[in-house]
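Enquirer: pasted the sequence and its predicted model underneath.
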Amino acid sequence: MKKIFFLCLFTGLSVYSYSQNLIWFIENSKFGYVHKTSGRITITPQFTFASQFNEGIAVAAVGNHLLSSKYGFINEKGKWLIIPQFNAAGNFSEGKARVQQNGKWGYINKKGIFSIQPQFALCYDFKEGLAQASVRNNLWGLIDSSGKFVVQPEYYSITDVFAGLTCTQKNMTDKWEILDIKKKTSIKTSFTRMYAFADSLAPARDTSNKWGFVNTSGTWVIQPGFTNASSFSEGLAAVEKDFGSWGFINKKGEWVIPPQFDRSGSFHKGLALMEKGADIVYVDKEGVVVFSFKR
């Protein structure tokens, strides 16, 4: 396993809790965790899958193969908080984590007790008290913390929520709309694809298949010119200049990290997970590699 550390780069960062300083890595096909500032292995590689920590808890799976593994939740010491028992799981968000049991998805609390019983074909994390969920025919809506649909499952696609807004597509060939959930009003657009709003901007694709960013009124703020884009996270957005060449821009559309990566993630607590050749790397907001390992 190859490691690259630039410890001095973190001296200006805020003081994080212990779990916020852990990042996963892979060694011999097993997931473990290192401390991102010291590089010390904190949790020995032992899981068939593991996620980043969120709300002090991470998803982890054990088993002989990923598809047959059972999922549970660990603390920052690698101890099981919720024993492996689910067929799949997602991170905790707003005190709930989505889990799959007997082919259906529901939500548990941090004690491992179902707060929303398994009933969905698929669902995602809560944002602003609402979560994307599908019950049938691949149609999506938004549920509240009780599991009740606030936006009915009648959309081919729907994004998570920002400032009471979600982006929706009624049918696969339709143009996207920006829906105000409380007012139940929408703004029609000419976009062929949209992702979720973050930092008041949403990635959008025009009819020439180029991506840019629009404000909550659907007006271009960063003109379309990218082959792909993702939502802003911690002030930066991953965009693809040419196919297979990813970097990060700021809200002015300026390059902060030049395009150079094969695949890109979003920033999470100061680091972004990227792929470059056979390497998986964590980079800081200046594009400096602080840790790397092989796929």
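Expert: Here it is on my side, so go on.

Enquirer: alpha carbons only for contacts and neighbour counts from here, please
Expert: OK.

Enquirer: residues in contact with stretch 271-280?
Expert: Contact with stretch 271-280 is made by 260-267, 281-285, 292-295, as judged by C-alpha atoms under 8 Å, 6 or more residues apart in numbering.

Enquirer: narrow these to those in helices?
Expert: When helices are assigned by DSSP state H, not one member of the contacts of stretch 271-280 lies inside them.

Enquirer: what subset of these is buried?
Expert: Listed as buried from the contacts of stretch 271-280 are 260-267, 281-285, 292-294; burial here means 16 or more other C-alpha atoms under 10 Å.

Enquirer: ok, these vs Val161, which is closest?
Expert: Ser266 (17.2 Å; C-alpha to C-alpha).

Enquirer: mind checking pLDDT for that closest one?
Expert: Listed pLDDT for Ser266 reads 96.

Enquirer: I'd like the numbering to begin with 57 instead of 1 from here.
Expert: In the new count, where the first residue is 57, that last one comes out as Ser322.

Enquirer: quick check, it in contact with Ala293.
Expert: Yes - the pair Ser322 / Ala293 is scored as a contact, 7.1 Å apart, by C-alpha atoms under 8 Å.

Enquirer: which residues are common contacts for these two?
Expert: Shared contacts of Ser322 and Ala293, counting by C-alpha under 8 Å, 6+ apart, come down to Ser286.

Enquirer: distance check, the residue most central in space within the chain against Glu290.
Expert: When C-alpha atoms, centre = their mean is applied to the chain, the residue found nearest the centroid is Ser322 (7.2 Å). Separation of Ser322 from Glu290 (C-alpha to C-alpha, to the nearest Å): 9 Å.

Enquirer: quick one on the thing from earlier: biggest separation within the buried ones among the contacts of stretch 327-336, which pair?
Expert: Lys341 and Lys350 (21.5 Å).

Enquirer: how about the nearest residue to Lys226, chain neighbours excluded?
Expert: Excluding the flanking residues, the one nearest Lys226 by C-alpha to C-alpha, 6 or more residues apart in numbering is Tyr211, at 4.5 Å.

Enquirer: any idea how far Val270 is from Val345?
Expert: From Val270 to Val345 the distance is 30 Å (C-alpha to C-alpha).

Enquirer: low-confidence ranges, the stretch 157-306 of the chain, go.
Expert: For the stretch 157-306 of the chain, no stretch has pLDDT under 70.

Enquirer: please repeat the previous calculation with a cut-off of 90.
Expert: For the stretch 157-306 of the chain, the stretches with pLDDT under 90 are 192-193.

Enquirer: picking up where we left off before, which strand residues bridge the closest residue to the residue nearest to the centre of the chain other than its chain neighbours?
Expert: Excluding the flanking residues, the one nearest Ser322 by C-alpha to C-alpha, 6+ apart is Ala328, at 5.3 Å. Beta-bridge partners of Ala328, counted by DSSP bridges, are Phe323, Val339.

Enquirer: same deal with the one 4 residues further on?
Expert: In this structure, Lys332 bridges to Asp335 when assessed by DSSP bridges.

Enquirer: that one: how many residues sit nearby?
Expert: Using other C-alpha atoms under 10 Å, Lys332 has 16 other residues around it.

Enquirer: that one and Ser264, how far apart?
Expert: 28 Å.

Enquirer: and Thr229, by the same measure?
Expert: According to C-alpha to C-alpha, Thr229 stands 15 Å off from Ser264.

Enquirer: again, but for His324
Expert: 31 Å.

Enquirer: more neighbours: those two, which one.
Expert: His324 (15 against 10).

Enquirer: hang on, the more buried one packs against Glu290?
Expert: Yes - counting by C-alpha under 8 Å, His324 does reach Glu290; the two are 7.4 Å apart.

Enquirer: how close does the closest residue to Arg261 other than its chain neighbours get to Ala260?
Expert: Nearest residue to Arg261, sequence neighbours excluded (C-alpha to C-alpha, 6+ apart): Trp267, at 4.3 Å. According to C-alpha to C-alpha, Trp267 stands 5 Å off from Ala260.
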